[in-house]
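Peer 1: Model the structure of this input:
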Amino acid sequence: MIPTCIECSEPLRGRADKKFCDDVCRTAYHNRLNKNSNRLVRIINRRLQQNRRILDMLWNAHPLRRVPAEVLRQNGYDFRYSTHIRNSEPGSQYIFCYDLGLKVTEDGQEFQLLKEAPAPPSGVK
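Peer 2: Sure, this is the predicted structure:
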């Protein structure tokens with residue numbers, strides 16, 4: 001029995017342990033296998049980037065860096081997606097989307113915007 005390509009079923013020539021006839025079939029096979037997991041990552045990344053754009057736009061539009069929660073919602077900000085959380089004073093947290101963060105104000109009706117300073121390159125002290 002002649003071995004065949006596991007992607008296109010063409011007969012294989014060459015090494016005995018060969019699974020694909022060429023790089024195109026190998027790539028197509030692995031892309032198909034990873035399609036669902038890559039799709040989920042793309043969806044999440046798109047949402048994070050959209051949240052980041054909204055925060056950046058609001059950062060430039062609100063010089064006092066206080067934004068009503070309703071303005072965030074109206075602009076499409078999705079509170080389910082963030083990159084990390086930083087604790088500030090006890091009982092207080094900033095929710096970040098990359099370098100821009102939000103903190104609920106005392107009245108709970110607004111958010112304080114914060115821009116995180118970039119970390120120094122690794123190896124720099």
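
Peer 1: Now residue 87. Nearest residue, chain neighbours left out?
Peer 2: residue 93 (5.6 Å; Cβ to Cβ, 6 or more residues apart in numbering). The C-beta positions use only the backbone N, C-alpha and C, and glycine is treated the same way.

Peer 1: shaky segments in the chain?
Peer 2: 118-120, 123-125 (pLDDT under 70).

Peer 1: Check it and tell me which residue is nearest its centre.
Peer 2: residue 45 (2.9 Å; Cα atoms, centre = their mean).

Peer 1: SS state for it?
Peer 2: When classified by DSSP: H, G, I helix; E, B strand; the rest coil, residue 45 comes out as helix.

Peer 1: For it, give its distance to residue 39.
Peer 2: Separation of residue 45 from residue 39 (Cβ to Cβ, to the nearest Å): 11 Å.

Peer 1: For residue 94, see how far away the residue nearest to the centre of the chain is.
Peer 2: Where residue 94 is concerned, residue 45 sits at a distance of 21 Å (Cβ to Cβ).

Peer 1: swap in residue 75?
Peer 2: Distance from residue 75 to residue 94, by Cβ to Cβ: 19 Å.

Peer 1: Of those two, give the one with the bigger neighbour count.
Peer 2: Neighbour tally, residue 75 and residue 94, criterion other Cβ atoms under 10 Å: the higher count belongs to residue 94, 20 against 16.

Peer 1: give the contact list for the more buried one.
Peer 2: Contact analysis of residue 94 by Cβ atoms under 8 Å, 6 or more residues apart in numbering lists 85, 86, 88, 101, 102, 103, 114.
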